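# Okay, sequence plus prediction incoming.
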Amino acid sequence: MPSTQKPMRYGHTEGHTDVCFDDSGSCIVTGGSDGDIRIWENLDDDDPKSINVGEKSYSFALKNGRLVSAISNNTVQIHTFPEGAPDGILTRFTTNANHVVFNTDGTKIAAGSSDFMVKIVEVTDCSQQKSFRGHDAPVLSLCFDPKEAFLASASCDGSVRVWKISDQMCETIWPLLQKCNDVVNAKSICRLAWQPKSGKVIPVDKVVKLYRRNTWENQCDLSDNFITQTLNVVTWSPCGLYLAAGSVDGCIAVWNVDTRQCMERIKHERSYTICGLAWHPKYGQIAYTDTEGNLGLIENVCDKDGKKLSAKVPSTVTKEYNDLFDGDDNDFLNGDLTELQSSPKVTANEEDDDDDLMLASGRPRHRAAILEDDENSLDTALMKVNSNLEGDEDDQADGLSVLPGSSTQRPFYDGPMPTPQQKPFQSGSTPVHLTHRFMVWNSIGIIRCYNDEQDNAVDVEFHDTSIHHATHLPNSLNHTMADLSSEAILLASESTEELASKLHCIHFSSWDSSKEWTVDMPEDEDIEAICLGQGWAACATSALLTRVFTIGGVQKEIFSLPGPVVSMAGHGEQLMVIYHRGTGFDGDQCLGVQLMELGKRKKQVLHGDPLPLARKSYLMWVGFSAEGTPCYVDSEGIVRMLNRGLGNTWIPVCNTREYCKGKSDHYWVVGIHENPQQLRCIPCKGARFPPTLPRPAVAILSFKLPYCQITTEKGQMEEQFWRSAVFHNHLDYLSKHGYEYDENAKNQAAKEQQELLMKLFALSCKLEREFRCMELAGLMTQNVVNLAVKYASRSRKLILAQRLSELAVEKATELAAAEEEEEEEDFRSHLNVTANKKDPTVPPGNVLDTMSKASKKTPASTSRAGNKQESPVLKPLIPKPKSKQVFPVLTLFYENRELIFFFYLPKTGFQMWLEENRGSILEDAPDLEETEIIKEGMSRFRMLTSEERMGWTEKAKGGTADSNSTEVKKRKRPLGASDEGRESQEEKSKEDLSLPRKRKPLDQPANVKLSAFAFKQS
């Protein structure tokens, strides 16, 4: 079984970090530059026990329940383990100690300092000390001989020395390292390691040198093409047959010392320097740390028999904290495929002398990942091995083994490695394996899950208690997914051997007594993601299906997904689904997004477009802003939002990493608001998600678009302008889809944008950038362009002022044309409404028809009643009434047996033009009906120049007051006989409106019917 590299997690702040297992291997212990020693029960331990040993820790060692640490006050202290109680100071130096180690039985410690001194101290009696002087530079590392006769040390002076402990004399010196003046400048910390039984190992540059004990002769070197940078640290397996080494570029290699074959090659996720390695005392596990404070684990490394550990061996480290990726994929990505040997190793005249190393001839074997043609095929071919002998006949007589000759070489793949696909997750939730976790945290409330020995339940808490009171629910079905809206609670569980996967909804806003419903998924189909919207619920399953339900439990549409789902979110009528479009390479995910609207007019907005992510990152959160704009966050902390104003593209609006104090700190997003601009998230120190208790505090971050030269005045104003434009696109979306929105917010945003444009215009004028001024003016409104004309004139930029004047005329013309088109559309729609009006006296044919027609208004009223509660930021999305447009009020009465219409509305420019030119139209075509006259008038009105049409429009706008004054003047004239008779006739006809009238004869002539569409003519 190939080795498995677990995803790394945060352990300490940036700096040198040590790692080891305790004596029994039940926990992992790490020490970092932050002065903390942390005890991890496993890699997923979210609350490790922490022992603070000082302001800064340089090194630590653990043995027999004693914890020794070298800290920043130039002392070596001892603490009890695991209690962490201080137990005194063992020794002091004039500067800080760089490395401390225990001997085999834990009775002595050795410490090396930057003052060139090496000391050995008795743990029980610190007065018993031995000092070793001879190094000419700070000491890098130390290591006890397993038989406790020698002590090895490496120094920045470039030498490795072996000291005889009994007489404190130097046995031998090897000038192997590169010289430097301090530890921070050292190319390698050169961690030394003695073989558990015999021998000594020194990492030098890109090779590991093995020296025979007592004779101090270099017996062999271990190397591999995989190691391209300097080795930093080495460690032996407990059996002494395998050696692991870590390099400064994040490469870890494991050799079989007998055969000198490189058995494992593991690459760090981010190529950070490996500074700590520890082999598990019982199992084939290697814990490692890097200089960024991260902790990692490699499982299923070679055991003492040269085989991989069985999968049945219990592991103390479980899945990574967020369980993002499949284990099989990690095996393929991080580990090489298993190699088989064609024949067992042949040895002769084996020696039992502990003082001699078991050497093997043959050069290191170069491996590559082998592509299997078929999972059922038997891999009998071997990689080519050179069996050139390195020793002479005497070496062969001493029992050196020989590897078999070269055999058939299989083809290998040398291209980019595929990235394991991210597993499905629920936004706003913490990992499923935790006993206490958040199932969801969003703008509505919080759902917590408790699954321990005492209780297995779900707690629901609402931010606004007017929506619903807090609820405690039993979790007998082991729900693992949840979503929360202002209407319902949605829960989902995975399938078991006995039960199918279930979708459970608690519709607490229902007006009837039955508020819960449950749906079982088909066999072999598991729910992987769920979400809630306004009046609907949806789930994505392992069968690559998305199932939509009403909030009351009615099954609606089903559609297929192009790939496995990653996450989904809902808001109002919008449904967003993220899925795998394909296989990514070199650490990148290949995700796609579908955005659909599930209202009356169902449509798909995004058709599986690629989802942009940062390099080698994965999706962390997906959802909508409180105003309904799709957003998502990746693991690098980049927040992106859909820019509807630029063809539904994604724009980065915030980088949460800029607000983190440490490299291992993160922000856990819980909500996004566009008005006001707020990113609501929870700061997590040293983790990616918060604990449930104590309740974490929510922080508010501001948005910032990644524009260039943001420190300059120009860059700041440009960023503010486009951020305001992006964050107010939702107002146009809400207006277009008939939702209520704040008109004042829209006007304020437009005013803010125009002010920023004017400031940029003034700045460009000062910099003599007149062409740039014209570009900025193109983004302004007509009124602001007029201000720009005045500013340019006062700045004595006459050419710019002239061009701006021409631009102002163009904008005014465009505005007038747009207004005319709107007026024509309104007038045309009014005519259509009038012509299509039915006789209200005709009763419907069926009583049920009246009931269905009358009940159409009920959902709107009930939805308005249900949404009366107001959220502090999120406003209920209530569709606008469709009769919002004001049409002319009609007054009808008979005069001379003709039905006359009176329109009580201010006239438009077209209407005034039509009144004056009606006669000329009738002269040309006297047989035209009224509707044809209007059409002919429209065509002639459009043939006018823009200036003439603007004149009629201005005349119509100012005609109200003029018409009133004209009527007053007309009334001052003495009334003639004909006028008096006409007024008395009109008054009489108006008085007759209140009297009952005779029914119109059914056989009215055609001209009487058509007169209903005519204006009253004098």
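That came through fine. Numbers count the residues shown, from 1 in each chain.
# dump the residue contacts of residue 264.
3, 244, 252-254, 298, 301-302, 335-336 (CB atoms under 8 Å, 6 or more residues apart in numbering). In short, each C-beta sits where N, CA and C put it, glycine included.
# separation between it and residue 234?
Residue 264 sits 14 Å away from residue 234, going by CB to CB, to the nearest Å.
# can you name the two of the contacts of residue 264 that are farthest apart?
For the contacts of residue 264, with distances taken as CB to CB, the pair at the greatest spread is 244 and 336 (14.8 Å).
# And these two? Which one has more around it.
residue 244 (27 against 19; other CB atoms under 10 Å).
# Check the secondary structure at the more buried one for me.
strand (DSSP: H, G, I helix; E, B strand; the rest coil).
# how does the chain divide up, domain by domain?
Each domain of the chain is listed here as a residue range: 1-16+190-303, 53-188, 620-714, 742-820, per the TED database.
# How far does the second one sit from its chain's centre?
What it means is domain 53-188. Computed by CA atoms, centre = their mean, to the nearest Å, the chain-centroid distance of domain 53-188 equals 45 Å.
# average pLDDT for that domain?
Averaged over domain 53-188, pLDDT sits at 90.
# what about that domain, start to end distance?
26 Å (CA to CA, to the nearest Å).
# do the last one as well
Across domain 742-820, the terminal residues are separated by 26 Å (CA to CA).
# and it, average pLDDT?
91.
# What helices and strands are in contact with the longest helix belonging to the chain?
Ranked by residue count under DSSP state H, the longest helix found in the chain is helix 798-835. Other elements packing on helix 798-835 under the criterion 3 or more CB pairs under 8 Å, 6 or more residues apart in numbering; DSSP states H and E are helix 770-777, helix 782-794, helix 909-924, helix 930-942, helix 946-957.
# Can you pull out the low-pLDDT segments for the chain?
For the chain, applying pLDDT under 70 flags the ranges 1, 198-199, 303-412, 830, 832-906, 958-1018.
# Report the beta-bridge partner residues of residue 264.
residue 254 (DSSP bridges).
# Residue 573 is in contact with residue 534, isn't it?
Yes: between residue 573 and residue 534 there is a contact under CB atoms under 8 Å: 6.4 Å.
# What segments of the stretch 651-800 of the chain are helices?
Under the criterion DSSP state H, counting those that start in this stretch, the stretch 651-800 of the chain contains helices at 713-726, 729-736, 743-766, 770-777, 782-794, 798-835.
# okay, the angle between the last one and helix 946-957?
Spelled out, it's helix 798-835. 60 degrees (axes from the mean of the first three to the mean of the last three CA atoms, to 10 degrees).
# try the fifth one
Relative orientation of helix 782-794 and helix 946-957, computed by the same axes, to 10 degrees: 120 degrees.
# ok, now the second one?
Counting by the same axes, to 10 degrees, helix 729-736 points 70 degrees away from the direction of helix 946-957.
# Ok, the fourth one next?
What separates the directions of helix 770-777 and helix 946-957 is an angle of 40 degrees, with the same axes, to 10 degrees.
# Need the residues that contact helix 770-777.
Contacts of helix 770-777 (CB under 8 Å, 6+ apart): 757, 760-761, 764-765, 785, 788, 792, 797, 799-800, 803-804, 807.
# What subset of those residues is buried?
757, 760-761, 764-765, 785, 788, 792, 797, 800, 803-804, 807 (16 or more other CB atoms under 10 Å).
# Now for the spatially closest residue to residue 720 that is not a sequence neighbour: which residues touch it?
Closest residue to residue 720 apart from its sequence neighbours, by CB to CB, 6 or more residues apart in numbering: residue 756 at 5.7 Å. Going by CB under 8 Å, 6+ apart, residue 756 touches 717, 720-721, 724.
# Run through the strands of the stretch 151-300 of the chain in chain order.
For the stretch 151-300 of the chain, strands defined by DSSP state E, counting those that start in this stretch occupy the ranges 159-164, 169-175, 193-194, 200-204, 207-211, 218-222, 231-236, 242-247, 251-256, 261-267, 274-279, 286-290, 294-299.
# TSV for those strands, including distance to residue 420?
Below are those laid out as TSV (distance: least, CB to CB, whole Å):
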stretch	distance to residue 420
strand 159-164	41
strand 169-175	43
strand 193-194	33
strand 200-204	31
strand 207-211	31
strand 218-222	30
strand 231-236	27
strand 242-247	23
strand 251-256	19
strand 261-267	14
strand 274-279	22
strand 286-290	20
strand 294-299	16
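# Cheers, nothing more for now.
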